[in-house]
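Colleague: sequence and computational prediction follow.
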Amino acid sequence: MSTLNVSVEVSARHIHLSQEDIERLFGKGYELKVKKEIAGGFVAEERVTLVGPKRAIDRVAILGPARKETQIELAATDARLIGVNAPIRMSGDLAGTPGIKIVSADGTEIEVDHGCIIAQRHVHLSEDDAAKFGVEQNQIVELSIDTGCKRALVFGDVIVRIGGEDSVVHLDTDEGNSACVGSDCVGTCIARSL
C-alpha cells in the first residue's frame, strides 16, 4: 500500500460551454469575460440559469475557455432537484447523457440535447507525484479525509488523472459536505496493492 497527501477542493455546480453555445446565448463573436483565474482556465463573469423538468437553478458559474462540447457538471442533489437523471461520468464522456435548457441573464434560451453529468471523483497528479505514489493514468485509488469534524470518510473509486503542475482531488459539493471539507483541506490518497 502506498499513500500520498494531496489538497482537496470542492467543485460546485458549473457549466463548460462550446463556442457555438456561447454565441447562441450571448451573441455572434462573443467572448466570455474573465472574473477569476483558476487552474486550467477561468471562472467567467457571466452566469446562466439551468432549467430542468422540475425546477431551475439560478446563477450557475461558467468555466472557460470554450470547450468542444457543452458540459454541465452537477452534484447528485442538484440533478435530483431539477429532475435530470445525470449519470456519473468522467469529464468529456457525454454520450447518452441528458440535455437541459440554459438561459442567459437577458432571457435568451437554448436547449442542449446532452451534456449533463455528475463528475466522477478524481485526483489530478503531477508526473512527479504520480511516480512517487506509484500509480498510472486512470488507476483507481481511495481518498481518506479527516477534518476533525467527526465525519472522517474514505472515498473509493477515485480516478487518477496524470498531468499538470499541481496535485489536487476534486469532489462535488455533496461529497465535500459529507466530509466537512473546508479551505486548506488535505486528504490522503491510498493505492492498495493488488
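Modeller: Perfect, thanks for sending it.
Colleague: what does stretch 185-194 contact?
Modeller: With contact meaning C-beta atoms under 8 Å, 6 or more residues apart in numbering, stretch 185-194 is reached by 1-9, 123, 133-135, 139, 141-145, 147, 154, 158, 169. Where C-beta positions appear, they are placed from N, C-alpha and C, glycine not excepted.
Colleague: try it again at 6 Å.
Modeller: With contact meaning C-beta atoms under 6 Å, 6 or more residues apart in numbering, stretch 185-194 is reached by 1-6, 8, 123, 135, 141-145, 169.
Colleague: now find how far off-centre that stretch is within its chain.
Modeller: 20 Å (C-alpha atoms, centre = their mean, to the nearest Å).
Colleague: and it, which residues are buried?
Modeller: Within stretch 185-194, the residues that count as buried by 16 or more other C-beta atoms under 10 Å are 185, 187, 189-191.
Colleague: pull the most distant pair out of the contacts of stretch 185-194.
Modeller: Using C-beta to C-beta, the contacts of stretch 185-194 reach their maximum pairwise distance at 1 and 8, which is 19.7 Å.
Colleague: only the buried subset of the contacts of stretch 185-194, as a PyMOL command please.
Modeller: To isolate the buried members of those in PyMOL, using 16+ other C-beta under 10 Å:
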select buried, resi 4+6+8+123+135+141+142+143+145+169
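Colleague: care to break this structure down by domain?
Modeller: The chain breaks down into these domains under the TED database: 1-8+119-189, 12-117.
Colleague: and the ones you listed as a markdown table, adding mean pLDDT?
Modeller: Conversion of the domains of the chain to a markdown table gives the following (pLDDT from 0 to 100):
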| stretch | mean pLDDT |
| --- | --- |
| domain 1-8+119-189 | 93 |
| domain 12-117 | 96 |
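Colleague: what ranges do the helices span in the chain?
Modeller: Secondary structure of the chain (DSSP state H): helices at 19-26, 76-82, 127-133, 173-178.
Colleague: so which bits of the shortest one are buried?
Modeller: Think helix 173-178. So for helix 173-178, counting by 16+ other C-beta under 10 Å, buried means 173, 175-176.
Colleague: ok, so of the residues you listed, who is nearest residue 99?
Modeller: After measuring those against residue 99 - C-beta to C-beta - the closest member comes out as residue 173, at 22.0 Å.
Colleague: tell me who's in contact with the closest residue in space to the closest one that isn't next to it in sequence.
Modeller: Nearest non-adjacent residue to residue 173, counting by C-beta to C-beta, 6 or more residues apart in numbering: residue 75, 4.6 Å away. Going by C-beta under 6 Å, 6+ apart, residue 75 touches 172-174.
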